[in-house]
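Below are the sequence and a predicted model for it; my questions follow.
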Amino acid sequence: MATWRKALVLGLAVVVGAVPVLARVDLGLQAAAPVVQQPSVPLPQGDEMGDDELLQAEGELWWFIIAVLAGAVGGAVGGTIYEKWFDEDPGVIDRDDRRAIAGYTVWGAVAGATGGIGARFIPK
């Protein structure tokens, strides 16, 4: 490995190693500061829904289903392109390539679900 690469790796290791130390110092400073408590906010009151009303309510999961399907399709297409033209045996999709494509599909579905949930529930 080149000398500059070793220096880069060593520098990154020092920075990553210093993060917990700096985080503890920061937390210590926050703990010394006085704590200001905000008044509690009462929850809104209203009519409680009965079991029949809850069963009739329809959930909106289309955003989640679309995100999962788009992620799965993207993962499958990307995995197929990689396995078809850029793996150890280009031009042939064999049994281990099919397993890899299935893995890419699952990975894409999970990534799509995570992105969909993250986009839907934005912290305020």
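That came through, no problem. Numbers count the residues shown, from 1 in each chain.

Going by C-alpha atoms from here, please, whenever you check contacts or count neighbours.
Fine.

In which helix or strand does Val92 reside?
Applying DSSP states H and E as the criterion places Val92 outside every helix and strand.

Could you report the pLDDT at it?
We have a pLDDT of 84 for Val92.

same question, the one 3 residues further on
Turning to Arg95, the model gives it a pLDDT of 87.

ditto for Val16
69.

Next, give phi and psi for the residue lying farthest from the centre of the chain.
Taking C-alpha atoms, centre = their mean as the measure, the residue most remote from the mean C-alpha position of the chain is Asp47, 36.6 Å away. Torsion angles at Asp47 (phi, psi; degrees, to the nearest 10) stand at phi -80, psi 130.

That one and Gln56, how far apart?
From Asp47 across to Gln56, the span is 16 Å (C-alpha to C-alpha, to the nearest Å).

May I see the buried residues of the helix or strand hosting Arg98?
Taking DSSP H and E as the criterion, Arg98 maps to helix 95-120. Buried residues in helix 95-120, counting neighbours by 16 or more other C-alpha atoms under 10 Å, are found at 97, 100-114, 116.

quick one: the helix or strand where Gly75 lies to chain centroid distance?
According to DSSP H and E, Gly75 maps onto helix 62-85. Offset of helix 62-85 from its chain centre (C-alpha atoms, centre = their mean, to the nearest Å): 16 Å.

I'd like to know which elements the helix holding Arg98 is packed against.
Helices and strands touching helix 95-120, by 3 or more C-alpha pairs under 8 Å, 6 or more residues apart in numbering; DSSP states H and E, are helix 62-85.

State the distance from Ile93 to Gly103.
With distances taken as C-alpha to C-alpha, Ile93 is found 14 Å from Gly103.

after the worst-scoring helix or strand of the chain on mean pLDDT comes which helix or strand?
Scoring the helices and strands of the chain by mean pLDDT, DSSP states H and E places helix 3-32 at the bottom, with a mean of 66. Sequence-wise, the next helix or strand downstream of helix 3-32 (DSSP H and E) is helix 51-56.

Next, report how far that next one is displaced from the centre of its chain.
33 Å.

Could you export it as PDB, keeping only the C-alpha atoms?
Presented in PDB, the C-alpha positions along helix 51-56 are these (Å, rounded to 0.1, in the frame of the first residue of the first chain):
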ATOM      1  CA  ASP A  51     -64.600  -1.200  17.500                       C
ATOM      2  CA  ASP A  52     -67.000  -1.100  14.600                       C
ATOM      3  CA  GLU A  53     -65.800   2.300  13.500                       C
ATOM      4  CA  LEU A  54     -62.200   1.200  13.700                       C
ATOM      5  CA  LEU A  55     -62.800  -1.800  11.600                       C
ATOM      6  CA  GLN A  56     -64.500   0.300   8.900                       C
END
